[in-house]
Every structure is written in structure tokens, then in C-alpha cells.
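K.L.:
My questions are about this predicted structure, shown below with the sequence.
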Amino acid sequence: MRRLDQLLANLGYCSRREARDWVRSGAVTVGGVEADDFGARVNEADVRVDGEPLDHPDGLLLLVNKPLGLVCSHEAREGPNVYSLLPERWRRRNPQVTSVGRLDKDTSGLILLTDLLPLVHRLTSPKHKVPKVYRATVDRDLSPELVPRFASGELRLEDEAEACLPAELTILSAREAELTLTEGRYHQVRRMFAACGSTVLTLHRARFGELEIGEVAPGTWRELPLDFFGAVAR
Ligand code: URA
């Protein structure tokens with residue numbers, strides 16, 4: 001049960017003050033009856049706004065195909081962000097819709113967005129080791145020696161004391177490879193190749209755990225069931 005004005009504001013419909021006006025104007029019903037108390041504690045499933053059920057009252061979990069050129073940060077000064085792809089109401093939700101980990105501005109592909117913050121913590125926690133699969137093209141021919149180097153658990157990134165966890169590299173063609181990581185350090189793929197003398201030219205994430213980007217076109221998403229990764233508290 002949540003307070004009606006707070007519920008509408010948190011789901012991004014309007015400000016709390018506007019919610020009070022909406023309730024007064026008769027646009028909101030609870031259990032089929034016009035609401036007259038914006039402070040009433042209500043069950044989300046009973047609420048209608050202009051006759052419509054509430055928009056994802058229990059949370060959002062989206063598999064997005066991030067195009068190049070968008071950041072995963074909410075900071076306006078960092079430039080256009082992945083949240084700009086979403087409907088405005090979703091961008092106003094509280095808790096805020098945020099990414100599960102990050103992809104660089106120059107990386108495309110699979111990113112999860114959600115307002116289920118405990119899920120973000122769970123999936124980004126180092127102890128969960130979710131495998132993430134990247135496709136990279138690089139500026140020089142790939143040596144087969146990279147495969148055992150990446151798998152060794154001894155590859156060190158510049159300015160980092162801890163070696164990277166073992167990672168699986170599959171060479172697909174002279175300058176193209178697939179890399180599976182189970183951790184998510186800053187710019188990790190680019191820095192792993194850099195540590196071996198190569199520059200990554202293009203980078204795309206194709207998989208996150210069991211999820212594949214599949215038919216999701218760049219700039220669009222598909223919704224996942226909120227319990228896709230198991231039960232999660234809000
Ligand atoms: N590694 C990178 O270098 N960039 C990403 O966006 C993700 C992993």
C-alpha cells in the first residue's frame with residue numbers, strides 16, 4: 001500500500017503537488033470509485049488514471065540495445081544518455097531507472113536498465129560473476145598467444161594492482177574476437193587489449209548472462225519479467 005500522491009509522483013506521472021490537483025479533478029479512481037483523498041494509502045492494482053491502469057507500478061526491467069554515442073550516466077554534462085531513449089514518464093520515476101553496470105559511449109549493445117535497485121546491486125556485485133560477452137575489432141592482427149594470456153588470470157591493467165580474472169577469448173578472424181568477462185572494471189575490454197598492445201576499434205556487447213541481444217534493434221528494448229533473475233525486493 002502506498003500513498004496515492006506519492007505513488008503517482010514516483011511512477012513519473014507528475015509532481016506530488018500536481019497529483020493532488022489530479023485527484024481533486026476526478027481523473028483518478030481507486031477500486032472504481034473517484035478518489036477524493038490524495039493521502040489515502042492505496043493498492044497499486046486498484047488505481048486508474050483517466051481510466052487506465054498504472055504504468056508498471058511494480059518496476060521496470062528492460063533489455064536495451066544501446067546505440068553508439070550514448071552514455072550510461074545521468075550527468076547531463078556527460079552528453080546524451082541511454083535514458084533519452086525511454087518514454088518521458090519512465091525517465092521521471094523514483095527510484096530512478098538506471099543501468100546495470102555501464103557501457104562506454106563508444107560501445108554498442110546489450111545493457112539492462114531498471115528501477116529495481118537491489119537487482120542492480122546483485123547483478124553488479126563481484127561475487128555474482130555474471131558472464132558478459134563482447135565482440136571487438138582491433139587495429140592489428142590478433143595473435144593466438146592472446147588466448148592463454150587472457151585466460152591466465154595474470155593479465156594486469158595499467159595502474160591496477162589486481163590481475164584480471166581469467167577471461168575467454170575466441171579469435172573470430174584476423175582482427176575480430178569475442179571476449180567473455182565475469183567482472184566489469186572501467187573500460188576493461190579496451191584496457192585488456194591495450195595491455196597486449198592492441199587498440200579496440202569497435203566494441204559491442206552481445207550477451208549478459210543468459211540474455212542475448214537477439215532481434216532487439218539499436219535504440220529499442222524489450223521488457224523482461226521482473227523476476228527474470230529470481231525474486232527481487234524493491
Ligand atoms: N569494456 C570496455 O572497454 N567498454 C565497455 O563499454 C564495456 C567493457
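P.N.:
Good, I have the coordinates.

K.L.:
quick one, longest helix in this structure?
P.N.:
In the chain, assigned by DSSP state H, the helix with the most residues is helix 16-25.

K.L.:
pLDDT (mean, whole number) over that helix?
P.N.:
Per-residue pLDDT over helix 16-25 has a mean of 91.

K.L.:
Tell me the helix or strand right after that helix.
P.N.:
Where DSSP states H and E defines the elements, the next helix or strand beyond helix 16-25 is strand 28-30.

K.L.:
continuing past that next one, what's the next helix or strand?
P.N.:
With DSSP H and E, the next secondary element past strand 28-30 is strand 33-34.

K.L.:
Give the pairing partners of that next one; include direction for each.
P.N.:
strand 28-30 (antiparallel) (DSSP bridges).

K.L.:
from the middle of its chain, how far away would the partner strand be?
P.N.:
From the chain centre to the centre of strand 28-30 is a distance of 32 Å (C-alpha atoms, centre = their mean, to the nearest Å).

K.L.:
Glu148 - how many residues pack around it?
P.N.:
Heads up, residue 148 is Pro, not Glu. Counted with other C-beta atoms under 10 Å, the neighbours of Pro148 add up to 11. All C-beta atoms are positioned from the backbone trio N, CA, C, and that covers glycine.

K.L.:
Verify the assumption that it is located in a strand.
P.N.:
No. Pro148 sits outside any strand when classified using DSSP: H, G, I helix; E, B strand; the rest coil, being helix.

K.L.:
Correct me if wrong: Val175 contacts Arg135.
P.N.:
No, residue 175 isn't Val; it's Arg. No. Counting by C-beta atoms under 8 Å, Arg175 sits too far from Arg135 to count as a contact (11.6 Å).
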